[in-house]
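K.L.:
got a sequence here, can you model it:
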Amino acid sequence: MAGPSTPSATDRRELAFAGVARQAAMVRAGTVTPRELVETALERIEALDPQLNCFRVVFAERALREADEAGRRVLGGEDLPLLGVPIAVKDDTPVGGEAKVCGSNAHGDPEPEDAEFVRRLRAAGAIVVGITRTPELAAWAFCETAQGGITRNPWDAERTSGGSSGGSATAVAAALVPAATASDGAGSIRIPAACTGLFGLKVTRGAVTTAPAEEIFGGLSVYGFLTRGVADAALLYEIVTGQPYVAAAGQDPPRLRIALSTKIPPGSSARLSAEWRGAAEATAELLRSLGHEVVERDPSIGPVGLNTLARYLAGVHAEAQAVAHPERLEKRTRALARLGGAMARPAARARRRERADAARVNAIFDDVDVVLGPTLARAPLAIGRYEGRGASYTLNGQVRWVPFNGVWNHVGNPAAAVPAGFDANGLPLSVQLVARHGDEATLFSLAHQLEVARPWADARPPIS
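P.N.:
As a prediction, this is how the structure comes out:
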């Protein structure tokens, strides 16, 4: 029987934008081979990454060998959910045989084995083609480091793609890979998703294994993914958790009661731009037209943001203490770590307050099913916005840009960044949806409904 024909350059571009679920289905149907998928990813990385700088390392030869093996497994009748699909892994996650660099020259030896999270993806047939860039120690909401240079946004190369999963976001938005792993300790999935027009879900704390680590970033962070569409994310999360997210992402939710909240959390001096406020309000109107009840209501956050900040700073301090060569850390990172060292007692107190804080914030879910609001306060930062600035100045500026995200890490709820159109400059807009603990299914269903009503996955950035 004749095999699939070799895709043309145009076909390969379409193939690159097909997404995880469709690529996997094409492999199963025999219309494309794993080698063609991996070659497509590698060709696009070679062509576009010099402009974008989102990969730290690319495993070209190894990935092609694994693609050929995957092809043999397909011919042998194996049926795995990701067999032959190329993905990338964020550089804060252990990959066996590779150093966990995390945007720094302070790293140590190669990791002895994959994180369990990565192992499960490989077991499902995925092929890791490379490792994506992060800010140093995953500490910032933009990827600009002495170790790796500047990672750029494919919608505007003079803008950041966010952080700390900025490399993964750029790689997926420009369709260098159909999906990439990410992590979220204070918005690090949702912020890059918002900057680059992607779907980014942070799951409930504990829903995705962090093994071999008991926890990451002081218990604030969770592993996850960045994808173009909701169905792709649902498939990936189902593989690593065993939960039936694919079914949830394939159906509309029941009629929901949704709280629209655009209030800046207490303690932040952020100002919400008119365009980002408008994106949330327009989404609320769309949800009303889809049959949901939308009310204006704010969660009772109060001083919870201060507890989040203390834990975040303590997390940076712990990461700095754990690197092999702390003397090689950038000056700004060392200063941020010192701030974290002074937060030992407040951070410990914040952890003790976690359950009470969660009860306070989650009281809103006694009355509503989902909280809707902006993901960011304004457009992605200009490249170099904080170049040469100190830790405190950069931290304060960052908090003014991303005030809506970190509290949900502290209290543990699932939260998703969902594309919501474009601003006047053609940059993506995004809204954040938050649900009760363990209710990722509602977020998948509601995001699916929004995606059908306002499709976004076919939008393609200029650098792609």
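
K.L.:
could you use CA atoms for every contact and neighbour count after this?
P.N.:
OK.

K.L.:
in the stretch 51-200 of the chain, which spans are strands?
P.N.:
55-58, 86-90, 127-132, 144-145, 149-150, 152-153, 156-160, 179-184, 199-202 (DSSP state E, counting those that start in this stretch).

K.L.:
make JSON lines from those and add mean pLDDT to it.
P.N.:
Formatted as JSON lines, the strands of the stretch 51-200 of the chain follow (pLDDT from 0 to 100):
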{"stretch": "strand 55-58", "mean pLDDT": "98"}
{"stretch": "strand 86-90", "mean pLDDT": "98"}
{"stretch": "strand 127-132", "mean pLDDT": "98"}
{"stretch": "strand 144-145", "mean pLDDT": "98"}
{"stretch": "strand 149-150", "mean pLDDT": "98"}
{"stretch": "strand 152-153", "mean pLDDT": "98"}
{"stretch": "strand 156-160", "mean pLDDT": "98"}
{"stretch": "strand 179-184", "mean pLDDT": "98"}
{"stretch": "strand 199-202", "mean pLDDT": "98"}
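
K.L.:
how about those strands in a markdown table, adding mean neighbour count?
P.N.:
Output for the strands of the stretch 51-200 of the chain, formatted as a markdown table (neighbours: other C-alpha atoms under 10 Å):
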| stretch | mean neighbour count |
| --- | --- |
| strand 55-58 | 19 |
| strand 86-90 | 28 |
| strand 127-132 | 27 |
| strand 144-145 | 22 |
| strand 149-150 | 20 |
| strand 152-153 | 30 |
| strand 156-160 | 20 |
| strand 179-184 | 28 |
| strand 199-202 | 31 |
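
K.L.:
next, format those as a markdown table and append distance to residue 374.
P.N.:
Formatted as a markdown table, these follow (distance: least, C-alpha to C-alpha, whole Å):
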| stretch | distance to residue 374 |
| --- | --- |
| strand 55-58 | 29 |
| strand 86-90 | 25 |
| strand 127-132 | 26 |
| strand 144-145 | 25 |
| strand 149-150 | 26 |
| strand 152-153 | 20 |
| strand 156-160 | 18 |
| strand 179-184 | 17 |
| strand 199-202 | 14 |
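
K.L.:
for stretch 352-371, buried residues please.
P.N.:
354, 357-358, 360-362, 364-365, 368-371 (16 or more other C-alpha atoms under 10 Å).

K.L.:
out of the strands of the stretch 51-200 of the chain, nearest to residue 69?
P.N.:
strand 127-132 (10.5 Å; C-alpha to C-alpha).

K.L.:
now do the closest one: which elements does it pack against?
P.N.:
Contacts defined by 3 or more C-alpha pairs under 8 Å, 6 or more residues apart in numbering; DSSP states H and E place strand 127-132 against helix 34-52, strand 55-58, helix 60-75, strand 86-90, helix 166-173.

K.L.:
including distance to residue 123, could the ones you listed go into JSON lines?
P.N.:
Listed next are those as JSON lines, based on distance: least, C-alpha to C-alpha, whole Å:
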{"stretch": "helix 34-52", "distance to residue 123": "15"}
{"stretch": "strand 55-58", "distance to residue 123": "20"}
{"stretch": "helix 60-75", "distance to residue 123": "12"}
{"stretch": "strand 86-90", "distance to residue 123": "13"}
{"stretch": "helix 166-173", "distance to residue 123": "21"}
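
K.L.:
and the residue positioned nearest the centre of the chain, how close does it get to residue 27?
P.N.:
Note on the chain: the residue nearest the mean C-alpha position is residue 189, at 2.6 Å, using C-alpha atoms, centre = their mean. According to C-alpha to C-alpha, to the nearest Å, residue 189 and residue 27 sit 28 Å apart.

K.L.:
circling back: next, the residue nearest to the centre of the chain: phi, psi?
P.N.:
Dihedral pair for residue 189: phi -100, psi -50, per degrees, to the nearest 10.

K.L.:
thought it was touching residue 222?
P.N.:
No - using C-alpha atoms under 8 Å, residue 189 is not in contact with residue 222; the gap is 9.3 Å.

K.L.:
now do the shared contacts for the two.
P.N.:
Common neighbours of residue 189 and residue 222, using C-alpha atoms under 8 Å, 6 or more residues apart in numbering, are 183, 202.

K.L.:
in the stretch 251-400 of the chain, which spans are strands?
P.N.:
Going by DSSP E, counting those that start in this stretch, the stretch 251-400 of the chain shows strands at 257-260, 293-296, 370-374.

K.L.:
how far off centre is the longest one?
P.N.:
Strand 370-374 sits 18 Å away from the centroid of its parent chain (C-alpha atoms, centre = their mean, to the nearest Å).

K.L.:
show me what it pairs with in its sheet, parallel or antiparallel.
P.N.:
Strand 370-374 sits in its sheet next to strand 257-260 (parallel), strand 428-435 (antiparallel), going by DSSP bridges.

K.L.:
can you check the second one too?
P.N.:
Strands adjacent to strand 293-296 in the sheet, as given by DSSP bridges, are strand 257-260 (parallel).
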